[in-house]
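A.B. asks: only the shape, not the letters, is given here:
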């Protein structure tokens, strides 16, 4: 009897696990949505993010497809990430046109002192809760104006941020290989015209993973760059085979990567270890300090500044350089903290017993050019053989809205005039 029960339990466990995998990887479709008549006449935009794809990787590692497409279309010398140059904040800046301090996603991990809740990018409940995310993402803007959208694991795309999800989306996981993602995009573009998405956002994590684990100069990172380059080549060929007109590709990244000095880390200042007086949040390339007694902020700042080493800077949040858009005056959600300790690259802050990865990001891209990201664009909407200067990533949002003829009806930080000149006839 016991043996029979064990067998039944084993079968039950396998069934439950299989159902869980299917649930995790299954596409979610919002029913009864269709392109309106105007939307069906509009161009297609496929916006691709490759996490951690540094501005120089395509040339450095000879990404043949990306170089070919960008050389025939538009390529920026670099794209400037929003500060801090971290994954979740910058993906949300790209898709909303807002700086992190304005959309509220100020880090991959943070605490909201108004709601008394923690946010962690690894927490599915957080990641799919739109109340954490300010602004109107491009898919929500499109859907509200009658244009069907789809997203394959872009940050926040499984949430109801902006009041509406994409018609087609997937929960985040890392079970799909790049070629599988390409097939899913092609399947969307094979749908009947009324149901076919005209805005598609697509995310690849592989280059960032290799850069973290092995460093930006490693063979593994080069291999990851080629993996994504091959996937992009496959995507473009398969889209061309569909015979669709007015298709546009925008290839971006959220930040770059630098080899860090993990063997000689910076220690957390002893004073901050008093949990009764402080909370601190350490992303290793930025240490944010929340002083529980506001009357102590100035005295603590002076003590930290007086005892700091030459390997990092200490700022009162309200005194942070304006160009970073990360000071008290910018902090719409009051999530940043009052004091910031900013290490000089390649230094990182490590807590006792903590380790770091070979490669990191998060630094100020103005001071650490390795933080700069990539921007390429090619397709029917763009001018040819054009190289443009560096620009901030918040400007991508109004640019995509312009291509799709979507009205931006809320205040954003991005400006259309920055990228509009790369469009044909503009």
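C.D. replies: Everything's here; your move. All figures in this text were calculated on a predicted structure; none of them were measured in a lab.
A.B. asks: all strands for the stretch 301-426 of the chain, in order.
C.D. replies: For the stretch 301-426 of the chain, applying DSSP state E, counting those that start in this stretch gives strands covering 312-316, 339-343, 349-350, 359-360, 375-379, 386-388, 391-392.
A.B. asks: so which of those is the most packed in?
C.D. replies: Per residue and on average, the most neighbours among those fall to strand 359-360, with a mean of 28 (mean count of other C-beta atoms under 10 Å). C-beta: built from backbone N, CA, C; applies to glycine.
A.B. asks: the strands of the stretch 301-426 of the chain: which one's closest to residue 208?
C.D. replies: Across those, the minimum distance to residue 208, taken as C-beta to C-beta, is reached by strand 359-360, at 8.7 Å.
A.B. asks: what does that closest one rub up against?
C.D. replies: 52, 211-216, 221, 257-260, 284-285, 346, 348 (C-beta atoms under 8 Å, 6 or more residues apart in numbering).
A.B. asks: which residues sit in contact with residue 154?
C.D. replies: Residues counted as contacts of residue 154 (C-beta under 8 Å, 6+ apart) are 49, 91, 95, 201, 202, 203.
A.B. asks: end-to-end on stretch 323-337?
C.D. replies: 18 Å (C-alpha to C-alpha, to the nearest Å).
A.B. asks: I misspoke; the intended subject was stretch 270-283.
C.D. replies: Start-to-end, stretch 270-283 (C-alpha to C-alpha) is 18 Å.
A.B. asks: so who does the residue most central in space within the chain touch?
C.D. replies: Taking C-alpha atoms, centre = their mean, the centroid of the chain lies closest to residue 91, which sits 2.3 Å from it. Going by C-beta under 8 Å, 6+ apart, residue 91 touches 49, 154, 155, 156, 203, 254.
A.B. asks: which of the residues you listed sits closest to residue 231?
C.D. replies: Distance ranking of the contacts of residue 91 against residue 231, using C-beta to C-beta, places residue 203 first at 11.9 Å.
A.B. asks: helix or strand for the closest one, which one?
C.D. replies: Element membership for residue 203 (DSSP states H and E) is strand 199-204.
A.B. asks: which helices and strands sit right next to that strand?
C.D. replies: Under the contact criterion of 3 or more C-beta pairs under 8 Å, 6 or more residues apart in numbering; DSSP states H and E, strand 199-204 touches strand 44-50, helix 138-144, strand 149-152, helix 178-189.
A.B. asks: returning to what we had before: closest to residue 226 out of the strands of the stretch 301-426 of the chain?
C.D. replies: strand 375-379 (16.1 Å).
A.B. asks: sheet-wise, list the partners of the closest one with their directions.
C.D. replies: With DSSP bridges as the test, strand 375-379 is paired with strand 74-76 (antiparallel), strand 247-252 (antiparallel).
A.B. asks: what count of nearby residues applies to the residue nearest to residue 397 when sequence neighbours are not counted?
C.D. replies: Of all residues not flanking residue 397 in the chain, residue 97 sits nearest, at 2.9 Å (C-beta to C-beta, 6 or more residues apart in numbering). By the measure other C-beta atoms under 10 Å, the count of residues near residue 97 is 31.
A.B. asks: show me what contacts residue 97?
C.D. replies: Neighbouring residues of residue 97 by C-beta under 8 Å, 6+ apart: 135, 394, 395, 396, 397, 398, 408, 412, 413, 414.
A.B. asks: the last one contacts residue 398, doesn't it?
C.D. replies: Yes. Counting by C-beta atoms under 8 Å, residue 398 is a contact partner of residue 414 at 4.9 Å.
A.B. asks: which one's more surrounded, those two?
C.D. replies: Between residue 414 and residue 398, counted using other C-beta under 10 Å, the more crowded position is residue 414 (25 against 21).
A.B. asks: please name the nearest non-neighbouring residue to residue 63.
C.D. replies: residue 229 (3.9 Å).
A.B. asks: now do residue 193
C.D. replies: Residue 193 sits nearest to residue 40 (C-beta to C-beta, 6+ apart), 5.4 Å away.
A.B. asks: that neighbour against residue 194, yeah?
C.D. replies: Yes. When contacts are counted by C-beta under 8 Å, residue 40 is listed as touching residue 194 (6.9 Å).
A.B. asks: roughly how far does residue 306 sit from residue 314?
C.D. replies: Going from residue 306 to residue 314 by C-beta to C-beta, to the nearest Å gives 9 Å.
A.B. asks: circling back: residue 241: which of the contacts of residue 97 is nearest?
C.D. replies: Distances from residue 241 to the contacts of residue 97, taken by C-beta to C-beta, are shortest for residue 396, at 27.5 Å.
A.B. asks: helix or strand right after the worst-scoring helix or strand of the chain on mean pLDDT?
C.D. replies: Least confident helix or strand of the chain, by mean pLDDT, DSSP states H and E, is helix 2-25 with a mean of 45. The helix or strand immediately downstream of helix 2-25 is strand 27-29, counting by DSSP H and E.
A.B. asks: who does that next one pair with, and is each partner parallel or antiparallel?
C.D. replies: Within its sheet, and counting by DSSP bridges, strand 27-29 is paired with strand 168-170 (antiparallel).
A.B. asks: what's in contact with the strand it pairs with?
C.D. replies: Strand 168-170 has contacts (C-beta under 8 Å, 6+ apart) with 25-30, 148-153, 157-158, 184, 188, 197.
A.B. asks: go again with 6 Å.
C.D. replies: 27, 28, 29, 150, 151, 152, 153, 157, 158 (C-beta atoms under 6 Å, 6 or more residues apart in numbering).
A.B. asks: out of these, which two sit at the greatest distance?
C.D. replies: Using C-beta to C-beta, the two most remote members of the contacts of strand 168-170 are 29 and 153, lying 15.5 Å apart.
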